[in-house]
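> The sequence and its predicted three-dimensional model are supplied below.
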Amino acid sequence: MTTYALDTNIVSYILKSDEAVTKRYFTELQNGTEFIVPPIVMYEIRRGLLAEKMFKRLANFEEFFNDIVAQDFNLDVWLKAAEIYASLKLQGKPIGGKWDGDVLIAAYCITNKYTLVTNNTRHFENIGEMKFVNWI
C-alpha cells in the first residue's frame, strides 16, 4: 500500500480549502490511502502561519493534521539528505532556494518509502529514487 507524504504546498491548498486538492485528499482517505505530514513540512507550515499571525489557520492545521504529523526524523534521513544534496550539486542541479527544505523532504520520503504529493515536481525531478505525484 502506498503511503502519501504531503508537501507544504499541498497542505496549504487543503488549509485554503482548494476544491480539487481537498476532494482528492478525502477521496484517497475513503479509499484507505495512508497519509503523513513530514516533520519538515510541519515546520514550514507552522513557521509561516506564526510569522503571518494566522492563528485560526494554525489551529485548523493542528486540528486537521495533528494525527498524521510524523515524529520520526532520524540519522538515516540526515545521511540520505547529505547524499542527495551532494549528488545534485555535482550535477549542477540544486533544488530549492537558500534553504534545504526540499532536500530534507526528499530524503525523508525516500528513507521511509513514501510517495510525495506535491505541486513542485520540478524540485524533485532530478532525484532518481524519488517517487512523487502531482494532484494539480
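Yes, it's here. Nothing here was measured: the structure is a model prediction, and the numbers come from that model. Residues are numbered from 1 along each chain as shown.

> helix or strand for the residue located most distally from the centre of the chain, which one?
What lies farthest from the middle of the chain is Leu90; by Cα atoms, centre = their mean that is 24.3 Å. Assigned by DSSP states H and E, Leu90 belongs to helix 75-91.

> which stretches of the chain form strands?
3-6, 34-36, 115-117, 132-133 (DSSP state E).

> quick revisit: pull out the buried residues from the helix holding Leu90.
Buried residues in helix 75-91, counted by 16 or more other Cβ atoms under 10 Å: Val77, Lys80, Ala81, Ile84, Tyr85, Leu88. All C-beta spots, glycine's among them, are computed from the backbone N, C-alpha and C.

> nearest to Asp67, of the residues you listed?
Val77 (21.1 Å; Cβ to Cβ).

> State the distance from the closest one to Ile105.
10 Å (Cβ to Cβ, to the nearest Å).

> repeat for Leu116
Counting by Cβ to Cβ, the gap from Leu116 to Ile105 is 7 Å.

> Perfect, I'm done here.
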